[in-house]
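> sequence-free structure coming up:
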């Protein structure tokens, strides 16, 4: 690069402020407490409001602060650990924290159809579910299931709605699962998901895409949108110790 | 809530613009192409620059755009799938994409010490590694290893530096691993990690914390910071199909 490392990445002004604010949060505020307004905070730390706002955004990214409309900026509780793919060889969880919202037969987005290797005319059940943890919405999921994966789905089941969704999940679990693969990436909440998650459209979310494999093909595909502000997603099968604080907080 | 769902979450102006811009990216631009400057873009879409900037931030969150200093805003290639914990029962990967940078003996942050259940006087080796994929830096890792986990680490090894780091990893792999657990959460890049990742401090990152369990205790703890703009983290052991596009792109 030709320059020294220090010169190559100048430290922005909000970064220093963030560190100072973070220490103030630790020493002066408790969880749930409402922060003073931006004008007062900017005055206290002797910075422009734009700089303050950037620092607050950083702390929100790190899960230290929550901004809620009509309430203001509050000190966030530690993020919840939410198990995702805790057992490698398991169908979608159907535990108490998941709730089937709806089930429709729709043409899936092109890339979902490609991943499922469904033909243009094959029906795909789209199951919509939501996940609640500790009384708060944490995830909105779309589970795509080609009709060929649940051939025995009977007309006895409701044609749509939560009962239909449960029927699809029940049939799916009759298949012998070879494995599942997940990917996690950063995204922004689509309008529909944002509503369910009680966030504004565009809020940062963690998108978990899971492919359920049966006999070498993708028998179902789940796209689950988790709140990035309140959740840390846990993977693994070892059970055990929970670390209360996020790594950023630990490492700083 | 008393209001209809539509009313309860008003759609911000930038959200509509984001959708329009996203379509324009698909139809008019190719990967790597530089976008017109903000003034021209704002004029073309008839919006204020603040609104434009919010929409661009959204698209950056979703991995559609990259902002690089000195270059401008370019259309991003699809995110790389980066395997994280592909085998449940494995020690830290020591593949070609990982490079040992340094190894020091330092007092770990308090919460790391708590997770490792080390006493205040126990030495902890801190191994710093970086991960490169397709020629780009994707992750910066701190691996904390209590001295008691690697008792046979000999004085023959270098006292610090990459050689020492490799010595610690080699000793660690002699232990029989019971399991590993990972958690993924959103964070912002600390200054030191940002340099390694070629990002500005505060850039959104995915922080992967992995606990390596031996005989019921945490024998090592890894905190790895992945670039959120270019990476999708993959979990699972089924191998196979790669989905090129992110779920947001697929689902929209």
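Good, I have the coordinates. Remember, it's a predicted structure, so these values are computed and weren't measured experimentally. Residues are numbered from 1 along each chain as shown, chains lettered A, B, ... in the order given.
> mean confidence score for the host helix or strand of residue A:113?
Assigning secondary structure by DSSP states H and E places residue A:113 in helix A:110-116. Regarding helix A:110-116, the rounded mean pLDDT is 86.
> How far off centre is it?
In terms of CA atoms, centre = their mean, to the nearest Å, the centre of helix A:110-116 is set 21 Å apart from its chain centre.
> Neighbouring strands - and their directions - for the helix or strand following that helix?
Next in sequence after helix A:110-116, counting helices and strands by DSSP H and E, comes strand A:124-133. Take DSSP bridges as the rule and strand A:124-133 pairs in its sheet with strand A:98-105 (antiparallel), strand A:136-146 (antiparallel).
> just the ones you listed: most buried one?
strand A:136-146 (a mean of 22; mean count of other CB atoms under 10 Å in any protein chain shown). C-beta here means a position set from N, CA and C on the backbone, and glycine is covered the same way.
> which residues sit against that one?
Applying CB atoms under 8 Å, 6 or more residues apart in numbering or on different chains, the external contacts of strand A:136-146 come out as A:80, A:82, A:92, A:98, A:108, A:112, A:116, A:118, A:122-132, A:168-169, A:172, A:192-193, A:196-198, A:219-227, A:230-231, B:251.
> Excluding chain neighbours, what is closest to residue A:66?
Of all residues not flanking residue A:66 in the chain, residue A:76 sits nearest, at 4.5 Å (CB to CB, 6 or more residues apart in numbering or on different chains).
> show me the residues around the residue lying closest to residue A:105 once chain neighbours are set aside that make contact.
Spatial nearest neighbour of residue A:105, chain neighbours left out: residue A:123 (5.0 Å); criterion: CB to CB, 6+ apart. Residue A:123 is in contact with A:105, A:146, A:147, counting by CB under 8 Å, 6+ apart.
> So residue A:74: helix, strand or coil?
strand (DSSP: H, G, I helix; E, B strand; the rest coil).
> Check residue A:32 too.
Of the three states, residue A:32 takes coil under three-state DSSP.
> Show me what the helix or strand where residue A:168 lies is packed up against.
Using DSSP H and E, the element containing residue A:168 is helix A:161-172. On a contact count with 3 or more CB pairs under 8 Å, 6 or more residues apart in numbering or on different chains; DSSP states H and E, helix A:161-172 meets strand A:98-105, strand A:124-133, strand A:136-146.
> give me every residue that touches residue A:129.
Neighbouring residues of residue A:129 by CB under 8 Å, 6+ apart: A:92, A:98, A:99, A:100, A:101, A:140, A:141, A:143, A:165.
> Including distance to residue A:159, could those go into CSV?
Converted to CSV, the contacts of residue A:129 look like this (distance: CB to CB, whole Å):
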residue, distance to residue A:159
A:92, 21
A:98, 22
A:99, 19
A:100, 14
A:101, 16
A:140, 23
A:141, 21
A:143, 18
A:165, 12
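> Any idea how many residues pack against residue A:46?
8 (other CB atoms under 10 Å in any protein chain shown).
> ok, back up a step: want to throw the contacts of residue A:123 into a markdown table with pLDDT and distance to residue B:37?
Formatted as a markdown table, those follow (pLDDT from 0 to 100; distance: CB to CB, whole Å):
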| residue | pLDDT | distance to residue B:37 |
| --- | --- | --- |
| A:105 | 89 | 45 |
| A:146 | 93 | 45 |
| A:147 | 91 | 49 |
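> ok, of the residues you listed, which one's closest to chain B?
Closest to chain B out of those is residue A:146 (14.8 Å), distances taken as CB to the nearest CB.
> Am I right that residue A:211 falls within a strand?
Yes: assessed by three-state DSSP, residue A:211 belongs to a strand.
> That one pairs with what?
Counting by DSSP bridges, residue A:211 forms beta bridges with residue A:181, residue A:221.
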